[in-house]
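K.L.:
next one to model:
(one chain, ligands or ions: 1)
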Amino acid sequence: MGYTRGRDSLFSVFQEAPVTSNPDSTPFAALLARCAPEWKAYCQHAFVRGLADGTLPAEAFRHYLRQDYLFLVHFARAWGLAVYKSRNLAELRQGLDSLKAIVDLEMGLHVDYCALWGIAEAELETLPEARETMAYTRYVLDAGHRGDLLDLHVALAPCLVGYADIARWIEAQPFTVRGSANPYEAWIAMYASEAFQAAAQAERDWLNARLAGQTQERLDGLAATFRDATRLEIDFWQMGLDGA
Ligand SMILES: Cc1ncc(C[n+]2csc(CCO)c2C)c(N)n1
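P.N.:
Sure, this is the predicted structure:
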């Protein structure tokens, strides 16, 4: 998968913000702390544990991969919405670059990866959409429609930042199996890669810059959005397990 291709390729578009020095006292860390139970349930879900030790049933992973194709289509639309919600050229460029990265690169990589798991592109194009996919993707789009660019980014954060945290959590577990003994090695390596981790950090940095100085009332609303999106990520994992 392409995230391991290097810092100047797929995720370079996310890497403009400076690196944070103390991630534990940032506004984004405070937002995360308010959703700690949901974040833990998401990052340490049974699906994630199955990826880590390689025991996840292949059919659960296939169901997840199929629905993730549809997820990515709507995720691309969300970046299109970010373009629309932009107020200056820098924001326009950020949204457009992310949109282009998904449409021109990530979708193709996902289709290739699905093929390795025996899922043909023709099947992906005619898939019925699961309710969990609908709920999550339309929630994110609605958060962006009714709010501004910050609301949209907060709704998208569990996706980008979450998968980075998940990969790091997997790497730290004693039961994790790495290498060819684990059929999910490529998935783990992609999200654990330096390029992907840097992209997630760039998003944390962007959020920290925007969250700083917001009123308590505004932060309450954003925490609710972040919590909802995290709950919908939990449902997405569960959908994978239930599909097996
Ligand atoms: C349900 C679900 N949630 C998160 C991701 C991860 N993800 C999807 S797009 C993207 C980032 C940048 O374009 C990332 C990290 C996923 N694949 N599926």
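
K.L.:
state the mean pLDDT of stretch 105-125.
P.N.:
Across stretch 105-125, the average pLDDT comes to 97.

K.L.:
residue numbers of the protein in contact with the ligand?
P.N.:
When proximity is defined as C-beta under 6 Å from any ligand atom, the chain approaches the ligand at Asp68, Phe71, Leu72, Phe75, Ile102, Glu106, Cys159, Leu160, Tyr163, Glu233, Phe236. In this view, the C-beta of every residue, glycine as well, is placed from N, C-alpha and C.

K.L.:
ok, the fifth one to Gly108 distance?
P.N.:
Translated: Ile102. 10 Å (C-beta to C-beta, to the nearest Å).

K.L.:
the more surrounded of these two?
P.N.:
Ile102 (22 against 13; other C-beta atoms under 10 Å).

K.L.:
which single residue of this protein ends up nearest the ligand?
P.N.:
Relative to the ligand, the nearest point of the chain is Cys159 (3.7 Å; C-beta to the nearest ligand atom).

K.L.:
what's the helix or strand that contains that residue packed up against?
P.N.:
Assessed by DSSP states H and E, Cys159 sits inside helix 149-172. Counting contacts by 3 or more C-beta pairs under 8 Å, 6 or more residues apart in numbering; DSSP states H and E, helix 149-172 is packed against helix 27-34, helix 36-43, helix 46-53, helix 58-84, helix 131-146, helix 185-192, helix 194-211, helix 216-242.

K.L.:
picking up where we left off before, tell me the contacts of the residue of the chain closest to the ligand?
P.N.:
For Cys159, the contact set (C-beta atoms under 8 Å, 6 or more residues apart in numbering) comprises Phe75, Ala229, Glu233.
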